[in-house]
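Novice: The sequence and its predicted three-dimensional model are supplied below.
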Amino acid sequence: MGGLIWLASYPKSGNTWLRTFLHHLLINPPAPLPPDTLSRFTIGDHHRAWYDKVAGTSTWGWPETEISKLRPRAQALMTGAFPDSVFIKTHSMLGEKDGIPFIIPEATSGGIYVVRDPRDVVISAADHYGLTIDGMIERMRSSSAGTGGTQDSITTHQGSWSEHVLSWTHTPMPGFHVVRYEDMEQKPMKTFGGIAHFLGLKPPRDRLERAIKFSSFKVLQNQEAKHGFKERSEFSQKFFRVGKSGQWKDKLTPEQVAQIEHDHGEQMRRFGYL
């Protein structure tokens, strides 16, 4: 049993790409693995089943205040999902609800946070959530934005894009590593090699290159076409759409660009997007 290693991001910012890379790096398969095998490698903090186990009954319909009280024990239970450290996906902001943290420090070993240009995020996220671009711009500026609250998933609080990024990167907990989506795309050896180094891994160059290749966007698109992917939303034709940085230059109107930069300029400047 080990602590939780959080793989965190705002939605549609590269979390699945990161998980796929780590999956292939650690397993080192001879060929790319289908996307749905990720569930054998990482868990999600939103799954209600963990809370049901702690409660000893279904928590569906419970007030969120009662769900929050279960979080420390639920995340402690998650640390036993695998024999060693547990990689756990989250789209939660780093904050608290009802006086209880969304990310319990006592159960945590560290984590990796992926940040992506919000002008590109808005395009991918609008498709994922079935919203217009303008609707997604509004969602990304909302402090109350979240997902879940279903029979299978507890509520995940995301906040605005800026709040999400700031929460994880301003005063992060010890043992956290921050990467940019754009560097994963444009400087893969340096960026993914840095991720491996952060995790204390020293893979041979050929193993690192193979993991990068098997988790490339083109390969992921082909694998989804062959095998499907259960994380694809009901609104999208495919989960892995384009994966290229700078789409916003052709997809967004000047007014939409101006609004995003007005809403999130401070955090965008921190990460070199402005």
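Specialist: Arrived safely, thanks for sending. Numbers count the residues shown, from 1 in each chain.

Novice: Return the backbone torsion pair for P29.
Specialist: phi -70, psi 160 (degrees, to the nearest 10).

Novice: I meant S9, not that one.
Specialist: According to degrees, to the nearest 10, S9 has phi -170, psi 160.

Novice: And it, how close does it get to R73?
Specialist: Applying Cβ to Cβ, to the nearest Å, the value for S9 to R73 is 26 Å. The C-beta positions use only the backbone N, C-alpha and C, and glycine is treated the same way.

Novice: With neighbour numbers in mind, choose between those two.
Specialist: The neighbour count for S9 versus R73, taken as other Cβ atoms under 10 Å, is higher for S9 (26 against 16).

Novice: quick one, what contacts that one?
Specialist: N15, L18, H91, Y113, V114, V115, R116 (Cβ atoms under 8 Å, 6 or more residues apart in numbering).

Novice: Bridged to it, which residues?
Specialist: With DSSP bridges as the criterion, S9 is bridged to V114.

Novice: What's the per-residue pLDDT of it here?
Specialist: Looking at S9, its pLDDT is 97.

Novice: and what of L77?
Specialist: At L77, pLDDT is 96.

Novice: do the same with L38
Specialist: 72.

Novice: Helix, strand, or coil at the closest residue to it other than its chain neighbours?
Specialist: What sits nearest to L38 in space, not counting adjacent residues and going by Cβ to Cβ, 6 or more residues apart in numbering, is R19, at 5.5 Å. Three-state call for R19 (DSSP: H, G, I helix; E, B strand; the rest coil): helix.

Novice: What helices and strands are in contact with the least confident helix or strand in the chain by mean pLDDT?
Specialist: None of the helices or strands of the chain scores lower by mean pLDDT, DSSP states H and E than helix 217-227, at a mean of 72. Helix 217-227 sits against helix 15-27, with contacts defined as 3 or more Cβ pairs under 8 Å, 6 or more residues apart in numbering; DSSP states H and E.

Novice: buried ones in the helix it packs on?
Specialist: Residues N15, T16, W17, L18, R19, T20, F21, L22, H23, H24, L25, L26 are the ones in helix 15-27 that count as buried (16 or more other Cβ atoms under 10 Å).

Novice: Stretch 118-132 too?
Specialist: Going by 16+ other Cβ under 10 Å, stretch 118-132 has these buried residues: 118-129, 131.

Novice: re earlier: just to check, the residue nearest to L38 is in contact with F87?
Specialist: Yes. Contact criterion Cβ atoms under 8 Å: R19 and F87 qualify, at 7.1 Å.
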